[in-house]
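Enquirer: Structural data only, the sequence is not supplied:
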């Protein structure tokens, strides 16, 4: 069987709406082989679709169709530590797993650029699928049905605190909260910070992140959908996080922490979560950066 490992991702990173993302050391795996029928199972008890409507199965079939080969069936075993509908790229991980796995089953006919473009076509935007494929911090643009992505490895001097709530926020609902148009001044506000965000990661000037992650295009509209979200922002910022932002469409909130300060940050944050009833729904996870991206094992 082919086995594929795909990292979790955090998209937007504040100002980089639908264009910036980073990969994290939390992994889904998928084992697959051609099979005369459909046999889909979960190895860790996570509830997943076991019919051809399964996202990995659908993605595998898409690759086979693109490559001009019929898919008779598939045996698929999934392990899903990445929580679903939490803003950590669970759907992108399935799409990337399906594309990488199918490509390997077919003898690797597709180049990475073609796989990334197909993943973006299926997902709708590249900010999660690109870092899932490439690892690190990735900036992407989607132009004329092609994806253009550049990666920068994330230094070990920073780590990430994921405040993951025990409730979901569907991407469709988070998207629906966004306005149909924005003021020119707001577009310029985000454009300048998104450019600064990319440069801060490329130059490893993480001290610029408090400014570079500020946003007025999506977070002000999505934060009210996350009960306790404002309290998490206040907590992380008060404990000295370099930056705090909604991960993807939410409801997970991600904080950037200096690695040298991480032990103290996580200890105090855990104490605060236990003591504050308003924060009881959130669970804290330390997630270091993944600089390798998805791979066939």
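Expert: Yep, it's here. The structure displayed is predicted, hence computed values, not measured ones. Residues are numbered from 1 along each chain as shown.

Enquirer: all helices of the stretch 51-200 of the chain, in order?
Expert: 55-66, 90-105, 112-123, 129-134, 171-176, 184-202 (DSSP state H, counting those that start in this stretch).

Enquirer: Check what contacts the third one and list those residues.
Expert: In other words, helix 112-123. With Cβ atoms under 8 Å, 6 or more residues apart in numbering as the test, helix 112-123 has contacts from 59, 62-63, 66, 91-92, 95-96, 99-100, 103, 110, 126, 129-130, 132-134, 140, 142, 145-147, 149. Where you see a C-beta, it was placed from the backbone N, CA and C, and this is true even at glycine.

Enquirer: now that helix and helix 90-105, what's the angle there?
Expert: Inter-element angle recorded for helix 112-123 and helix 90-105: 140 degrees (by axes from the mean of the first three to the mean of the last three Cα atoms, to 10 degrees).

Enquirer: From here on, call the first residue 708.
Expert: Understood, numbering begins at 708; the last thing we discussed is helix 819-830.

Enquirer: Can you give me the buried ones in helix 819-830?
Expert: By neighbour count on 16 or more other Cβ atoms under 10 Å, the buried set for helix 819-830 is 821, 822, 823, 824, 825, 826, 827, 828, 829, 830.

Enquirer: So what does the nearest residue to residue 776 once chain neighbours are set aside look like in phi/psi?
Expert: Once flanking residues are discounted, residue 776 sits nearest to residue 813: 6.4 Å by Cβ to Cβ, 6 or more residues apart in numbering. Residue 813 adopts backbone torsions of phi -90, psi 0, taken as degrees, to the nearest 10.

Enquirer: wait, doesn't residue 813 sit right on residue 772?
Expert: No - counting by Cβ atoms under 8 Å, residue 813 stays clear of residue 772, with 11.4 Å between them.

Enquirer: Would you map the strands across the stretch 858-1004 of the chain?
Expert: All strands of the stretch 858-1004 of the chain, identified by DSSP state E, counting those that start in this stretch, fall at 865-872, 950-953, 960-965, 989-994, 1002-1003.

Enquirer: Out of the ones you listed, which one sits most buried?
Expert: strand 950-953 (a mean of 26; mean count of other Cβ atoms under 10 Å).
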